[in-house]
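# need a structure here:
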Amino acid sequence: MTRDLYFGDNLNVLRESIADESVDLIYLDPPFNSKRDYNLLFRSPTGHESDAQITAFEDTWHWGEQAEREYNELLHQPNTDVAELIRAFRSFLHENDVMAYLVMMANRLLELHRVLKPTGSLYLHCDPTASHYLKIVLDAVFGKENFRSEISWKRSSAHSDAKQGRKIYGNIRDVVFFYTKGKEWTWNWIHTPYDEGYVSSFYRHIEKSTNRLYRIGDLTAAKPGGDTEFEWPVKRPMEGKWEADLTHEFLNPQNKWQYKTVRPYKGRYWAFSRSNLEQFARDGRLIHSSSGIPQYKRYLDEMPGVPLQNSWDDISPASGKEYLGYPTQKPLALLERIIAASSNEGDVVLDPFCGCGTAVHAAEKLKRGWIGIDITHLAISLIEKRLKDAFPNIAFDVHGTPKDLAGAQDLAARDKYQFQWWACALVNAQPYQGRKKGADSGIDGLIFFQDDNRGAKKIVVSVKGGENVNVSMVRDLKGVLEREKAALGLFVTMAPPTKPMLTEAAAAGLYHSASYNENWPRIQVLTVEGLLAGSERPTFKSVNFSLGFKQAKRETSAHRGNVEMDLEE
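This is a model prediction of the structure:
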């Protein structure tokens, strides 16, 4: 089964790695161009500094060289409707952030349309910031005739902005656009439970022998069709209740029962054939009115519920144990609903902005294949950990992250911070940048571990991606350990350490673990090449040797029927 996670720009990944018409369902939750920086929350143990935040991504695109280049691509690609639309947008919006955002989205939606199977569907999740523009872009890419629904998801309860002087309606919903590639598409009806008012109004009868709730259904119709004018025999006991008499065994004047036959009321006809009514009677499904006309019992416990409509107010935002700290995390139930409705087991689900991996988590849980793409290594690290926590024996491929020294060097040259975040993941450390990039005070990552009953201990990680490393850097790390009152320090270096560096590290002494009765070097020098090859690893033990993300719940059951979950607490 397809299980692929890609680190990189989704436009490049789609063009280079995803084949035409290979995906059954696409869900995307792109940043909304709300001019916000989204901070990813890392939790610290009690007694340590307050929770650290790091910018997970910036959701604003600015008009510049890349936007101009992608705009030019759109003008020369085969879909002339998109080309004309983007040209009109630029004439109206000019060169600004909104225009850059729409250019970026149009280019990627064209690629998503290409990789989608003819029977496939696409769900685009957005908020009112840009939904009106994105709807027009989707019409141009997929064809307005392939628009199926605009789903409204109530993501929060009422806001109290009025107390702060806000003079607009509270915004509590997101929009999800549902498009298909063609006229025929994969579809499975989803049902939701009846509300209490409906049940109490319509399922008012209780069957004494079983305690089952039921409602009465008419067995007649306004227009004739087929065998619809037969007489239906009924028998009446002395207390006046009419019952069906199918066999006519009791047509005996000496019997205590009274008999007659009935037809539908004037202007009405039987809606079912005689054989169907006889089967209903054998199944105990008939109940008779005072006139003897049979009616049908519809049991509440046999009804599937209400067919799902396009207003979803029954799914709450990710919270509590489900919330992993990712800024735009969507609830698992939301993605399970979409995947269950528009794909089948074994199908492939693609999320090109996979963030913390809710879509791929839901796809795995529902026995679908999946492809996830994200441009930050923070997201890739979180998804890897989330999947391994939830599905301990899962095997999947990660593409685009460094697999050898040359790959690590390339990443470091392209993006210093992505390299640092990736290197922290090599030692299972949470990245640390304080409130903004660069404000690390000599700290690139943190690990917290429990050694004894005196509370959590801190390990400081320093990452060096350059070719020139020297003894003063190790000396600086020693000073950070003293300042932070950290137990250990990990010095992760791209370049091989010099002999004076190793001597300085050894001079920092040993940390004695009371729990394990072992001595560990206080400063440990580790190379990227050795960590990748598995020949080097940090020297210490801890049950909490992990990234700073919260742990995802372990899945204990797969999808059954609708979209309900059974999770291990």
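# ok, longest helix in the chain?
In the chain, taking DSSP state H as the definition, the longest helix is helix 97-115.
# Could you list every helix and strand in contact with that one?
Packed against helix 97-115, as judged by 3 or more C-beta pairs under 8 Å, 6 or more residues apart in numbering; DSSP states H and E, are the following elements: helix 10-17, strand 23-28, helix 65-76, helix 80-93, helix 131-142. In short, each C-beta sits where N, CA and C put it, glycine included.
# want to try CSV for these, with mean pLDDT, distance to Gly455 and mean neighbour count as columns?
Converted to CSV, the helices and strands packed on helix 97-115 look like this (pLDDT from 0 to 100; distance: least, C-beta to C-beta, whole Å; neighbours: other C-beta atoms under 10 Å):
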stretch, mean pLDDT, distance to Gly455, mean neighbour count
helix 10-17, 95, 42, 17
strand 23-28, 98, 42, 25
helix 65-76, 94, 48, 14
helix 80-93, 96, 55, 15
helix 131-142, 96, 48, 19
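# I'd like these laid out as JSON lines, including distance to Phe396.
Listed next are the helices and strands packed on helix 97-115 as JSON lines, based on distance: least, C-beta to C-beta, whole Å:
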{"stretch": "helix 10-17", "distance to Phe396": "15"}
{"stretch": "strand 23-28", "distance to Phe396": "16"}
{"stretch": "helix 65-76", "distance to Phe396": "30"}
{"stretch": "helix 80-93", "distance to Phe396": "33"}
{"stretch": "helix 131-142", "distance to Phe396": "29"}
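# Among these, which comes closest to Tyr123?
Taking C-beta to C-beta, strand 23-28 is the member of those nearest to Tyr123, at 4.8 Å.
# For the closest one, name the packing helices and strands.
Under the contact definition 3+ C-beta pairs under 8 Å, 6+ apart, strand 23-28 sits against helix 97-115, strand 116-126, helix 332-342, strand 348-351.
# any residues touching it, and which ones?
Applying C-beta atoms under 8 Å, 6 or more residues apart in numbering, the contact partners of strand 23-28 are 112, 115-117, 119-125, 186, 335, 338-339, 342-344, 347-353, 359, 368, 371.
# Among the residues you listed, name the buried ones.
Among the contacts of strand 23-28, those classed as buried by 16 or more other C-beta atoms under 10 Å are 112, 115-117, 119-125, 186, 335, 338-339, 342-343, 347-353, 359, 368, 371.
# Excluding sequence neighbours, find me the nearest residue to Gly369.
Leaving aside its chain neighbours, Gly369 sits nearest to Thr2 (3.4 Å; criterion: C-beta to C-beta, 6 or more residues apart in numbering).
# And Glu184, by the same measure?
Of all residues not flanking Glu184 in the chain, Thr119 sits nearest, at 5.8 Å (C-beta to C-beta, 6+ apart).
# how far away is the one you found from Val349?
The gap separating Thr119 from Val349 is 14 Å, by C-beta to C-beta, to the nearest Å.
# same check, this time on Tyr194
Tyr194 is 30 Å from Val349, by C-beta to C-beta.
# my read: Leu110 touches His76, true?
No - Leu110 lies out of contact with His76 (C-beta atoms under 8 Å); the separation is 11.9 Å.
# tell me which helix or strand of the protein sits lowest on mean pLDDT?
Every helix and strand of the chain was ranked by mean pLDDT, DSSP states H and E. The lowest is strand 37-42, at a mean of 48.
# where do the strands sit along the stretch 451-569 of the chain?
Secondary structure of the stretch 451-569 of the chain, counting by DSSP state E, counting those that start in this stretch: strands at 455-464, 488-493, 510-513, 518-521, 523-527.
# and among the ones you listed, the most buried is which?
Most buried of the strands of the stretch 451-569 of the chain by mean neighbour count (mean count of other C-beta atoms under 10 Å) is strand 488-493; its value is a mean of 25.
# List the pairing partners of that strand within its sheet, with orientation.
Strands that pair with strand 488-493, judged by DSSP bridges, come out as strand 455-464 (parallel), strand 523-527 (parallel).
# Of all the ones you listed, which one is nearest Ser513?
Taking C-beta to C-beta, strand 455-464 is the member of the strands paired with strand 488-493 nearest to Ser513, at 9.3 Å.
# Who are the contact partners of Arg195?
Not Arg; residue 195 is Asp. Per C-beta under 8 Å, 6+ apart, neighbours of Asp195: none.
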